[in-house]
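Engineer: I'd like to go over a predicted model; first the sequence, then the structure.
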Amino acid sequence: MLLSGKVAVITGAASGIGRETALLFAREGAKIVALDINETGGRETVAEIGNASGDAIFVKTNLRHKDEIESAVQACLAHFGHVDILHSNAASYALGSATEISEDEWDRTLDICLKATWRLTRGVIPAMLSRGGGTIVITGSVQAIRGYRGHTAYQAAKGGLLSLTRSLAADFAPTIRVNTILPGAVVTGLWDKISENDRERIAQMCPLRRNGRPEDIAQVALFLASDMSSYMTGSCLVVDGGLSSIIQPQWEQTER
């Protein structure tokens with residue numbers, strides 16, 4: 001029960017990393033505020049927590065809308081009275097180089113991945129400060145530290161999250177800790193259009209020879225949200241099965 005008595009706000013909680021994190025945090029004693037634009041999936045997450053005797057509410061939230069983010073934070077405070085943990089996890093993904101991606105795709109990606117995190121922190125930090133502490137966990141990406149062709153907007157957003165992490169950590173320490181997870185290739189709903197052959201090809205690029213699972217990232221989020229990481233802030237943890245740690249020639253990728 002590493003999070004006993006804590007209240008955690010989790011975005012993107014309808015599926016993937018967000019859902020697995022919500023379920024894990026609830027098992028560890030946290031009360032969950034699940035945010036997502038996907039109402040069906042979000043309510044399924046909350047129902048699963050309730051069926052396991054946990055405590056959770058769902059707030060349908062479009063993270064591109066400032067008013068909806070503010071309403072979600074107020075719903076959390078009205079229902080549970082405080083907030084201890086924010087896991088800013090939701091993402092949007094648009095492919096394309098700088099000359100290929102549209103401005104609408106750029107704006108959507110930056111709004112959901114980066115700007116929404118800033119808006120959420122603006123909402124929860126005052127409540128955390130008044131309570132005397134809190135933790136913020138951000139889902140970034142290894143694309144914040146490595147180049148990858150055709151992912152301009154996503155890389156810009158994830159790189160911004162890494163800088164935002166350091167800035168928030170500096171501004172609000174020692175009361176609030178802020179850390180970021182940098183996942184590698186993790187199979188979530190964003191992979192729906194990726195074929196099985198391509199999934200296997202990506203897996204073979206990784207030293208551990210498999211793609212990540214949402215629960216792999218949820219375990220790290222638990223570590224960062226709990227007192228197990230009490231001497232960490234402003235940090236990033238790479239969780240990519242070794243993908244970003246090696247230089248792998250193209251011929252070697254093909255042969256394997």
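Structural biologist: Sure thing, it's come through.
Engineer: hmm, who's touching the helix or strand hosting residue 23?
Structural biologist: Element membership of residue 23, judged by DSSP states H and E, is helix 16-27. For helix 16-27, the surrounding residues in contact (CB atoms under 8 Å, 6 or more residues apart in numbering) are 3, 6, 8, 10-13, 32, 34, 36, 41, 45, 48-49, 52, 54-56, 85, 87, 89-90, 139, 183, 186, 188-190, 214-215, 217-219, 221-222, 225. For every residue, glycine as well, the C-beta is placed using N, CA and C.
Engineer: of these, buried ones?
Structural biologist: Neighbour-count burial (16 or more other CB atoms under 10 Å) is assigned, among these, to 3, 6, 8, 10-13, 32, 34, 36, 41, 45, 49, 54, 56, 85, 87, 89-90, 139, 183, 186, 188-189, 214, 217-218, 221-222, 225.
Engineer: and residue 12, what does it touch?
Structural biologist: In this structure, residue 12 makes contact with 18, 35-36, 89-91, 139, judged by CB under 8 Å, 6+ apart.
Engineer: let's see 6 Å
Structural biologist: 18, 36, 89-90 (CB atoms under 6 Å, 6 or more residues apart in numbering).
Engineer: and it, how far is that from residue 90?
Structural biologist: 3 Å (CB to CB, to the nearest Å).
Engineer: before we move on, back to that, so which of the contacts of residue 12 are in helices?
Structural biologist: If you go by DSSP state H, the contacts of residue 12 have residue 18 in helices.
Engineer: now the contacts of residue 12 in a markdown table, with pLDDT and distance to residue 196?
Structural biologist: As requested, those are exported to a markdown table (pLDDT from 0 to 100; distance: CB to CB, whole Å):
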| residue | pLDDT | distance to residue 196 |
| --- | --- | --- |
| 18 | 97 | 24 |
| 36 | 98 | 27 |
| 89 | 96 | 26 |
| 90 | 95 | 26 |
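Engineer: where exactly do the strands run in the stretch 1-150 of the chain?
Structural biologist: Along the stretch 1-150 of the chain, the segments classed as strands by DSSP state E, counting those that start in this stretch run 7-11, 31-36, 56-60, 85-88, 134-139.
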